[in-house]
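**Student:** Below are the sequence and a predicted model; questions follow.
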Amino acid sequence: MKKRSIAALTAALAVAPLLATGVPGQPAVAAGSGPTLLRGVDLDTVTIPELQERMKHGALTSSELTLSYLRRIKAIDPKIHAVLRTSPTALRQAAASDVRHRLGRVRGPLDGIPVLLKDNVNTRDMPTTAGSTALAGSPPDTDADLVAKLRAAGAVILGKTNLSEWANFRAAKPTSGWSAVGGQTNNPYVLDRNPCGSSSGSAAALAASLAQVAVGTETDGSIVCPAGMNGVVGHKPSLGLVSRSGVVPISAEQDTAGPMARNVIDTAITLSVLSGDDAPHALGLTDAATRPGGLRGKRIGLWRLPSLGTGTDALMTRTAARLRAAGAEVVEVTPPYQDRLAELEFPALLSEFHQDIDAYLATRNGPRDLARLVEFNRTHPAERTCFAGQELFEQALVAPPTTEPGHRAARAELKDLSRRSIDETMAAHDLDAIASPANPPAWTTDCARGDNDVIPSSTPAAVAGYPSLSVPAGFIGELPVGLLLMAGDHQDAELLSLGAAVEQRLDARRAPRYLPSVPSDTLR
């Protein structure tokens, strides 16, 4: 099969009708959200190629776009608490992009596009806290590698998003979206509901149209679940495709940063920058796969997961019917080895976290290792305002070292079984991808109870290091549910191409209404 790069995919996906020029000064107002139009551009639906076309012809500037997002953050973020801080240099970055556009020296499709970063990604000019007051002092000395790539591409680093503190790897009963630095991020669709996963602020900010794209991170579920629960797109890349350097770790065996956006086109464009043009593994797709409506003849295995509730299962039934009507063949599957993966994953992560977080903390001002971080949390009340526990930290301190033969054997078995769970399922049914629900409808946020988030769909791809992609599938009542697609190793481009076709067919995204609450019986 002829292979091409992610850049080829994004160029093909960008062939779409461009927005007609609107009339400046005629903003539309979505319920509870403030203006959504900028010079006739709907910020909730516009894509990066459409923005670049306007900037090319002088109908829009990066400065106008950046200022509009900054104003939306000021007006809307007090409802959802998704953005921790904005960059003091954002408008200067945008002005520099405007000069490049005027001179015809645009660096690429992200030039002038505002991007939010999860606050566990190092930035030299803003604090990087992982949500903890222990790191709330001076910024890191250098940018993460992925931030350097974004800056080189001309992206406007707009600010940092809230997250589940330490990427949800602190307490046995955490509350997703809460950190001591940022408080609780709310789901923009229903404000007393949870945003899921540790990239909660990135997903909620995108749902509220507070930036064009965002960067999240995932060890297991922390990109794809927030994307699904907030009605946006999230891509967990193949392990190693995006550099982990300068990202607060859990485990190098599973950690990756990845792009999040309101559509697959923007997600793919952002991945092409994050991964670099000379990524070590070539990514490709066939010419036919880039064409819109490319579901005909595709074979998709549906992993139903009825444990996520009758409403979610019924939505999967409707989704399968819509994909079949577009020409896809959908067969039901159950990937094997899931119980064993669940048994092995957590103990392995404990050992790896102790090793990797010690190495990261040694580069920062503050507690210099995990033992001193545990003591910091015991003596700082702000770290216990939602939940007091740090059981995972304490277990990691006494976990076997990664050099211990038992740990090495467990990680080897995890890698083998997780890859086989996907590879064998795809081979047995001749599949292009496996699909499953990315999330149930969002649960009510409750610090005393913690999360209700036993969502096994993300685990096979996360442990295997294979790509996964969440696209909006629909709603249960007022709450979004995502469809999670996963495929084989370094099939990121093929997965994004398929995801674009699924997105086009389902057309399931709608803007949030910021409802204070909804009765639980409306979500069945």
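**Tutor:** Now that the structure is in, tell me what you want to look at.

**Student:** where does the stretch 151-300 of the chain dip in pLDDT?
**Tutor:** Within the stretch 151-300 of the chain, the segments meeting pLDDT under 70 span 277-293.

**Student:** same check, this time on the chain
**Tutor:** In the predicted model of the chain, residues 1-35, 277-293, 521-524 satisfy pLDDT under 70.

**Student:** Give me the contacts around the host helix or strand of residue 312.
**Tutor:** Assigned by DSSP states H and E, residue 312 falls within helix 310-325. Applying CB atoms under 8 Å, 6 or more residues apart in numbering, the contact partners of helix 310-325 are 295, 300, 302, 304-306, 330, 435-437, 439-441, 473-474, 476-477, 481, 483, 502, 505-506, 523-524. Heads up, the C-betas are built off the backbone N, CA and C, glycines and all.

**Student:** show me where the stretch 51-200 of the chain has helices.
**Tutor:** Taking DSSP state H, counting those that start in this stretch, the helices of the stretch 51-200 of the chain run over residues 62-80, 90-103, 145-152, 200-207.

**Student:** Give me whichever of those helices is most buried.
**Tutor:** Neighbour counts (mean count of other CB atoms under 10 Å) averaged over each of the helices of the stretch 51-200 of the chain peak at helix 200-207, with a mean of 33.

**Student:** Which elements pack onto it?
**Tutor:** Helices and strands touching helix 200-207, as assessed by 3 or more CB pairs under 8 Å, 6 or more residues apart in numbering; DSSP states H and E, comprise helix 62-80, strand 83-86, strand 114-118, strand 156-161, strand 213-218, helix 224-229, strand 256-261.

**Student:** Check what contacts the longest one and list those residues.
**Tutor:** The list of residues contacting helix 62-80 from outside it, by CB under 8 Å, 6+ apart, reads 32-35, 38-39, 43, 51, 55, 83, 86, 90-91, 93-95, 97-98, 101, 111-114, 156, 158-159, 185-188, 191, 204-205, 208-212, 514.

**Student:** Drop anything exposed from the residues you listed.
**Tutor:** Buried by 16 or more other CB atoms under 10 Å: 33, 38-39, 43, 51, 55, 83, 86, 90-91, 93-95, 97-98, 101, 111-114, 156, 158-159, 185-188, 191, 204-205, 208-212, 514, out of these.

**Student:** still on that earlier bit, of the helices and strands packed on helix 200-207, which is nearest residue 510?
**Tutor:** For those, the distance to residue 510 is smallest for helix 224-229, at 14.4 Å, taking CB to CB.

**Student:** Between the two ends of stretch 481-498, how far is it?
**Tutor:** Using CA to CA, to the nearest Å, the end-to-end distance of stretch 481-498 comes out at 18 Å.

**Student:** mind listing what's buried in it?
**Tutor:** Buried positions in stretch 481-498, judged by neighbour count with 16+ other CB under 10 Å: 481-498.

**Student:** Please flag which of these sit within helices.
**Tutor:** Within the buried residues of stretch 481-498, residues falling in helices by DSSP state H are 492-498.

**Student:** residues contacting residue 391?
**Tutor:** 171-172.

**Student:** Got phi/psi on it?
**Tutor:** Geometry field for residue 391 lists phi and psi as phi -60, psi -40, criterion degrees, to the nearest 10.

**Student:** From residue 176, how far out is it?
**Tutor:** Residue 391 sits 16 Å away from residue 176 when distances are taken as CB to CB, to the nearest Å.

**Student:** Kindly report the same for residue 311.
**Tutor:** 20 Å.
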